[in-house]
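**Q** Okay, sequence plus prediction incoming.
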Amino acid sequence: MLINELAQVLGAAAMLAALPGSLYLTVLTLTAPFGGRRAVAARAATPPGSVPVPRLALIVPAHNESQGVVRTLRSLLAEVAHDPAASLHLIADNCSDDTAAVGRAEAMQVQVLERHDPDRRGKGWALQHAFDHIEADWYLVIDADTDVEPGFLAAMRRAIDGGAEALQCRYLVRDALRSRRGTLAEVAWSAWNVLRPRGRDALGLSAGILGNGFALSRQTLDRVPYLAHSIVEDVEYHVLLVQAGLRVTWVDDALVRGDMPQASAAAGVQRA
């Protein structure tokens with residue numbers, strides 16, 4: 001009898017502990033359909049041609065990605081071809097393969113920045129190196145295993161014109177129908193990477209940084225230097241932005257699609 005009563009008490013305590021998070025997710029779900037509209041209204045208020053066209057640097061951090069980065073670079077070059085104020089940069093970070101050479105191939109037309117520092121490894125260090133050495137008004141970060149949907153750059157520009165401080169677009173799964181795991185990931189990512197940030201945007205909160213398909217202005221980086229070097233550097237940097245009173249604007253009409261690990265072991269590592 002005592003065991004049953006103890007189990008009931010523990011169950012009630014667990015429900016109470018989960019209640020705030022459940023209410024938070026419920027509010028985000030209900031408000032998500034209204035996300036993204038604020039940015040459209042802000043963009044409309046900016047007269048075309050009233051300010052200089054911002055210089056955009058598309059940053060692709062890569063570590064030993066020579067086998068797959070060509071597809072990503074071609075996807076981005078198709079966007080840059082229609083935007084004379086945009087440039088594409090491959091950051092070959094601590095690579096032991098020919099990632100840098102692939103980027104320098106004549107057909108790629110990519111600016112390559114190599115970094116070798118075995119004591120400082122990881123995406124956060126690669127991004128900090130790029131932000132410190134590449135001159136631009138805005139930096140758009142795209143992972144090396146990613147496709148961008150047509151119109152990505154134009155959509156990000158429209159959001160920039162609205163006076164944003166930082167941006168995050170939709171981030172879903174590349175080739176989602178290729179496997180059952182990828183299809184399930186698409187459903188999960190639609191909630192985590194679309195529904196929740198849209199809800200935050202509708203509430204006037206910072207949408208968050210998802211690690212892929214985000215953008216930072218030079219002004220934002222000057223105010224909050226990119227000193228996030230943990231394994232979850234995107235979450236770490238977003239916390240720094242919020243602490244500084246800055247907000248990440250959600251861009252609902254831009255989409256990137258990144259690879260989902262197909263092997264169970266690789267998927268487990270990514271989740272961890």
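**A** Received, thanks. Residues are numbered from 1 along each chain as shown.
**Q** Quick check: buried residues in stretch 102-118?
**A** For stretch 102-118, the neighbour count (16 or more other CB atoms under 10 Å) marks 102, 103, 104, 108, 110, 112, 113, 115 as buried. Backbone N, C-alpha and C define where each C-beta goes, glycine included.
**Q** need the helices for this protein, in chain order.
**A** For the chain, the helices defined by DSSP state H cover 2-31, 37-44, 69-80, 99-104, 123-133, 152-161, 180-190, 196-202, 218-223, 233-243, 264-271.
**Q** Compare the ones you listed and say which comes out lowest on pLDDT.
**A** Note on the helices of the chain: helix 37-44 shows the lowest mean pLDDT, a mean of 47.
**Q** Looking at the spatially most central residue of the chain now. What's its pLDDT?
**A** By CA atoms, centre = their mean, the chain has its centre lying nearest to residue 212, at 2.7 Å. If you check residue 212, the pLDDT there is 96.
**Q** for residue 258, same thing?
**A** So, for residue 258, pLDDT stands at 93.
**Q** dump the residue contacts of the closest residue to it other than its chain neighbours.
**A** Of all residues not flanking residue 258 in the chain, residue 146 sits nearest, at 4.6 Å (CB to CB, 6 or more residues apart in numbering). Going by CB atoms under 8 Å, 6 or more residues apart in numbering, residue 146 touches 72, 75, 174, 212, 213, 256, 257, 258, 259.
**Q** So what's the residue count around the second one?
**A** Just to be clear, that refers to residue 75. 19 (other CB atoms under 10 Å).
**Q** partners of the nearest residue to residue 103 once chain neighbours are set aside in the sheet?
**A** Leaving out its chain neighbours, the residue that sits closest to residue 103 by CB to CB, 6+ apart is residue 90, at 3.8 Å. Bridge pairing for residue 90 (DSSP bridges) gives the partners residue 60, residue 112.
**Q** before we move on, back to that, model confidence score at the residue nearest to residue 258, please.
**A** pLDDT for residue 146: 96.
**Q** any idea how far residue 259 is from it?
**A** Noted for residue 146: a distance of 8 Å to residue 259, by CB to CB, to the nearest Å.
**Q** shared neighbours of the two, which are they?
**A** Here residue 146 and residue 259 share the contacting residues residue 174, scored by CB under 8 Å, 6+ apart.
**Q** I'd like to know how many residues surround the closest residue in space to residue 79 that isn't next to it in sequence.
**A** The shortest distance from residue 79 to any non-neighbouring residue, by CB to CB, 6+ apart, is to residue 153 (4.2 Å). The number of residues packed near residue 153 is 21, by other CB under 10 Å.
**Q** Would you agree residue 153 is in contact with residue 81?
**A** No. Here residue 153 lies out of contact with residue 81, judged by CB atoms under 8 Å, at a distance of 9.8 Å.
**Q** Can you report phi and psi for the closest residue to residue 101 other than its chain neighbours?
**A** Sequence neighbours aside, residue 66 is the residue nearest to residue 101 in space, at 7.6 Å (criterion: CB to CB, 6+ apart). When read as degrees, to the nearest 10, the backbone of residue 66 gives phi -60, psi -30.
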